[in-house]
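Student: Below is the sequence, then the predicted model.
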Amino acid sequence: NNLATSRLQQTNYVIPVIVHVIHSGDAVGNDENLSYARIVAQIELLNKDFNGTHPNINNLHQEFQNDNAGDIGIQFCLAKYDTNGNILPEKGIDRINWQTKGWNNPALHLTNDDFYNFIEYIVKPQTIWNPKDYLNIWISTKNIFNINIPEGFAEFPIGSNLSGIPSNGVESSFTSGIWLYYEAFSNTRRALTHEVGHYLGVRHIFNDDFECGDDYCSDTPIQKEKNSGCPSFPHITCNNSPNGDMFMNHMDYTNDGCRYFFTKKQMERMLTTMQNGIYRKTLNNSPACNSPSQPDLTIINQSASPTNLNAGNTTTLSFVEKNSGGASASPNYVSFHISSNDVLTPGSNGDRFIGEYYVNQTLAANAQTSSLSKQITIPADLATGTYYLFFSADGAETVTESIENTNFGIKVINEHKNDDGLLTQ
């Protein structure tokens, strides 16, 4: 899923991720030694949350629609190369046996402070990869009987120039990154999305220090304290009627399925961090995901007009193809598919090819096309529902790229049968 933004600066940031899996020697896929597939699925969810395409976004109340940031403009990729430029056997994964390191069992650190110090001052300094090139994520077990040990914590960015960055916990070249409890690392959990928000300079939507405090984002309502469970809308606190708390925001503490968006002001904090943060501003130029000798095609600024239409009618798809790699890309086809869900499986599960556009130009390294467009007819036999339009750079796979799984852009449309009575816009 490819990300774009027109706010602050027309930049699409790519953050390479390395996941340090702290385990006790169990086989891959058992307990905290998570499988490659589970790690990939978590990063896919993270990208959906940051480009605003997760299906849960359809639950957002109308009262908060105008605050929704949608596509943040930040994408996460599992690193392909290690710090020496060698291809990783498993993309984005560094497996570490704590026993061979001579460490104590992470689960034996009984208090919050003891566990935090173990991660910050033993695990991180001995295993961190250059935080100017990688988002370091550590996953491990913990003492499950101490409920005060959280499911995750992150270091706030230094040098971001943002107001409201907490003074406790000072990020350094030895500590930058995120720790997560391994049970919270999956494609059904939002702990990573929440902690990445902190990593990019976003505070809790409630104030950590006192009730009805500020989170330094003017488009998030003041609320009394953290929420849990899944409150009913509106949940009024701190005289914030009529809409109440924004409990469906990623930076609250509600259930995973009840959190599904960031606001525009939260997005501004993230993009400011990416521009200024000491260990953030260089990530977009990291070689960890891109081979310097190969192109990397992506789709940005994708749109469809109209997005509400009858089956058998047409919509105009607009997009830009970008080459983020270090070598030129030859002319290629951008293909278009329609799917009933946000996972594309061409030729199966009802996913259909609906057209293509020939990009008849060679794209130099770090260059992009002007805005391109193609009129597409929506299949007449589709049932009424919400569908996902996939824009696939190099859809015919004629260009050898450094990363082959980030070519997609997505746009959501609502399709109706003609007898539903909806007129196209």
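Tutor: Right, received. Where do you want to start?

Student: CA only for contacts and neighbour counts going forward, please
Tutor: Noted.

Student: Number of residues surrounding Gln361?
Tutor: 11 (other C-alpha atoms under 10 Å).

Student: what sits against it?
Tutor: 330-331 (C-alpha atoms under 8 Å, 6 or more residues apart in numbering).

Student: Does anything pack onto the helix-or-strand element of the chain with minimal mean pLDDT? Which helices or strands?
Tutor: For the chain, using mean pLDDT, DSSP states H and E, the weakest element among its helices and strands is strand 408-416, scoring a mean of 82. If you count contacts as 3 or more C-alpha pairs under 8 Å, 6 or more residues apart in numbering; DSSP states H and E, strand 408-416 packs onto strand 297-305, strand 308-310, strand 385-392.

Student: Go through it and flag the buried ones.
Tutor: Across strand 408-416, burial judged by 16 or more other C-alpha atoms under 10 Å covers 408-413, 415-416.

Student: what's the answer for stretch 248-262, then?
Tutor: 248-256, 258-262.

Student: and Ala329, which of the helices and strands packed on strand 408-416 is closest to it?
Tutor: strand 297-305 (7.7 Å; C-alpha to C-alpha).

Student: now the closest one against strand 408-416, angle please.
Tutor: Comparing the axes of strand 297-305 and strand 408-416 via axes from the mean of the first three to the mean of the last three C-alpha atoms, to 10 degrees yields an angle of 20 degrees.

Student: Quick check: mean pLDDT of the longest helix anywhere in the chain?
Tutor: Longest helix of the chain, by residue count under DSSP state H: helix 36-51. The pLDDT scores in helix 36-51 average 94.

Student: now it against strand 408-416, angle please.
Tutor: Going by the same axes, to 10 degrees, helix 36-51 makes 70 degrees with strand 408-416.

Student: right, and the helix or strand after helix 36-51?
Tutor: Where DSSP states H and E defines the elements, the next helix or strand beyond helix 36-51 is strand 74-78.

Student: how far out from the middle of the chain is the next helix or strand after that next one?
Tutor: Next in sequence after strand 74-78, counting helices and strands by DSSP H and E, comes strand 93-97. Put simply, strand 93-97 sits 22 Å off its chain's centre (C-alpha atoms, centre = their mean, to the nearest Å).

Student: With only the CA atoms kept, save strand 93-97 in CSV.
Tutor: The C-alpha coordinates for strand 93-97 follow below in CSV (Å, rounded to 0.1, in the frame of the first residue of the first chain):
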residue,chain,number,x,y,z
ILE,A,93,13.8,-10.0,11.1
ASP,A,94,16.7,-10.4,13.5
ARG,A,95,16.2,-13.4,15.8
ILE,A,96,18.1,-13.3,19.1
ASN,A,97,18.2,-16.1,21.7
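
Student: Show me what the mean pLDDT comes to for whichever helix or strand comes after it.
Tutor: Downstream of strand 93-97, the next assigned helix or strand under DSSP H and E is helix 98-101. Mean pLDDT, helix 98-101: 96.

Student: ok, and what's touching helix 98-101?
Tutor: Residues contacting helix 98-101 (C-alpha under 8 Å, 6+ apart): 22-25, 104-105.

Student: Repeat that for stretch 115-134.
Tutor: 15-18, 20, 79, 83, 106, 109, 136, 142, 149, 173-177, 179, 278-283, 285-288.

Student: Repeat that for stretch 175-190.
Tutor: 32, 34, 38-39, 41-45, 119-121, 124-125, 128, 131, 135-142, 150-155, 191-192, 195-196, 199, 250, 256-257, 259, 279.

Student: In the stretch 151-300 of the chain, mark out all the helices, start to finish.
Tutor: Listed in chain order, the helices of the stretch 151-300 of the chain (DSSP state H, counting those that start in this stretch) span 191-199, 264-276.

Student: Quick check, Gly201 in contact with Thr273.
Tutor: Yes - with contact defined as C-alpha atoms under 8 Å, Gly201 counts as touching Thr273 (6.3 Å).

Student: Give the residues shared as contacts by the two.
Tutor: In contact with both Gly201 and Thr273: 157, 160, 162, using C-alpha under 8 Å, 6+ apart.
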